[in-house]
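Novice: Sharing a model prediction with you, sequence too.
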Amino acid sequence: MTVQDIRAFNRFYTNAIGALDYGRHLYAPYTLTESRVLYELAHAPRTDAADLRAELSLDAGYLSRILNKFEREGLIERGPSERDPRRRSVALTPRGREAAGLLEERARESVGRLLLSVPPADRPRLSDAMRTVREILSGGRASRPEDVVLRGPGPGDLGWIVQRNGAVYAAEYGWNADYEGLVARIVAGFAEDHDPALERVWIAELDGRPVGCVMCVRDEAPATARLRLLLVGPEARGLGIGDRLVRAVVDFARGAGYRDLVLWTNDVLGGARRIYQRHGFVLVAEQPHHSFGKDLVGQDWRLNLGEPGAGRDEKRE
């Protein structure tokens, strides 16, 4: 392989995905770099400007001009960093999230059209080839927390939630198909009827593939949301994904106006319980039951979203 081979591939790929074709209005009215900054901010509740500059390898002055522009347009707000008062943190405003959401929708539609041109039989080979390129050019480095992206579900993701839950719980806890059936009913109910303003699904993506999920849905009790189907695949544990998923649910539920956030789990799921405790959930009831082919102890947990500081992770890892 030569330098020219890589440059030729770069030219081909940027043309294939339309990265330079502003006639498609893919990034308008923002540049490619500005769009990438919005993307990074949309996938982190709050980030330090210094971390953003390092992650994107941007010149400090260039990033500062972009952020100043975003602040003038009401897309971001800046304040002191929670981790280091000498730093400045950056977060999207509602208007900024709307802009980032529009860019995300355009990008997904563009890539979706590109994928439709690939015969289904060739897609696994294409996916493997892209993964190989990433692994080789990253020098074989281990995955980092910042490599994980939280996003909404795309085509096939709801089916993935059902399949992955069934497979992981069967392998790790010996649960039978009754659990997969329960997950299928929960997911089907969300797919058939949900209010986007009050209910949401998050997918954790690593290296272009889903590795985790969680749901926030309305509960039967007034002003109460329910956290459901928190899962992090064994291949992606240790990156803080569970904490990020639960934090996303807590922040969303509070922003949607819920007073309480509840969940049901089982005592054997120790890792999940520790995450819930870190976010302020309190155990309110326990009940033995026989489900999924096992004798279990079900647990009800509750988080009062109205308490000052409730839901904050005081022991972030």
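Specialist: Happy to help now that I have it. The model shown is predicted, which means the values in this text are computed figures rather than measured ones.
Novice: And the closest residue to residue 95 other than its chain neighbours, how far from residue 114?
Specialist: If the residues on either side of it in the chain are set aside, residue 95 comes closest to residue 74, at 5.0 Å by C-beta to C-beta, 6 or more residues apart in numbering. Yep, even glycine has a C-beta here, placed from its N, CA and C like the rest. Between residue 74 and residue 114 the distance, using C-beta to C-beta, to the nearest Å, works out to 33 Å.
Novice: With residue 257 instead?
Specialist: The span separating residue 257 from residue 114 equals 39 Å under the rule C-beta to C-beta.
Novice: ditto for residue 227
Specialist: 35 Å.
Novice: quick one, which of those two is more surrounded?
Specialist: A count of neighbours by other C-beta atoms under 10 Å puts residue 227 above the other of residue 227 and residue 114, at 25 against 12.
Novice: three-state assignment of that one?
Specialist: For residue 227, the reduced secondary structure class is strand; criterion used: DSSP: H, G, I helix; E, B strand; the rest coil.
Novice: Across the sheet, point out what pairs with it.
Specialist: Residue 227 has these beta-bridge partners by DSSP bridges: residue 216.
Novice: list the contacts for it?
Specialist: Contacts for residue 227 (C-beta atoms under 8 Å, 6 or more residues apart in numbering) come out as 214, 215, 216, 246, 249, 261, 262, 263.
Novice: Look at the fourth one and report its pLDDT.
Specialist: Right, the one you point to is residue 246. The predicted local confidence for residue 246 comes out at a pLDDT of 95.
Novice: try residue 99
Specialist: For residue 99, the model assigns a pLDDT of 88.
Novice: what's the distance between it and residue 172?
Specialist: Plainly put, residue 99 is 41 Å away from residue 172 if you go by C-beta to C-beta.
Novice: Could you do residue 269 as well?
Specialist: Relative to residue 172, and taking C-beta to C-beta, residue 269 is found at 10 Å.
Novice: Settle it for me: which of these two has more neighbours?
Specialist: The residue with more neighbours, out of residue 269 and residue 172, is residue 269; 17 against 11, by other C-beta under 10 Å.
Novice: what about residue 277, how many neighbours?
Specialist: The burial count assigned to residue 277 is 13, neighbours taken as other C-beta under 10 Å.
Novice: Kindly report the same for residue 237.
Specialist: Residue 237 is surrounded by 13 other residues when neighbours are defined as other C-beta under 10 Å.
Novice: residues contacting it?
Specialist: By C-beta under 8 Å, 6+ apart, the residues touching residue 237 are residue 271.
Novice: I'd like the numbering to begin with 19 instead of 1 from here.
Specialist: Done: numbering now begins at 19, and the last item shifts to residue 255.
Novice: can you map out the strands along the protein?
Specialist: Across the chain, reading from the start of the chain, the strands by DSSP state E fall at 65-66, 94-98, 106-110, 166-169, 218-224, 227-236, 242-250, 278-284, 300-309, 312-322.
Novice: who wins for proximity to residue 123 among those strands?
Specialist: Closest approach to residue 123 among the strands of the chain is made by strand 166-169 (11.4 Å; C-beta to C-beta).
Novice: Between the two ends of stretch 67-84, how far is it?
Specialist: The separation between the terminal residues of stretch 67-84, taken as C-alpha to C-alpha, to the nearest Å, is 11 Å.
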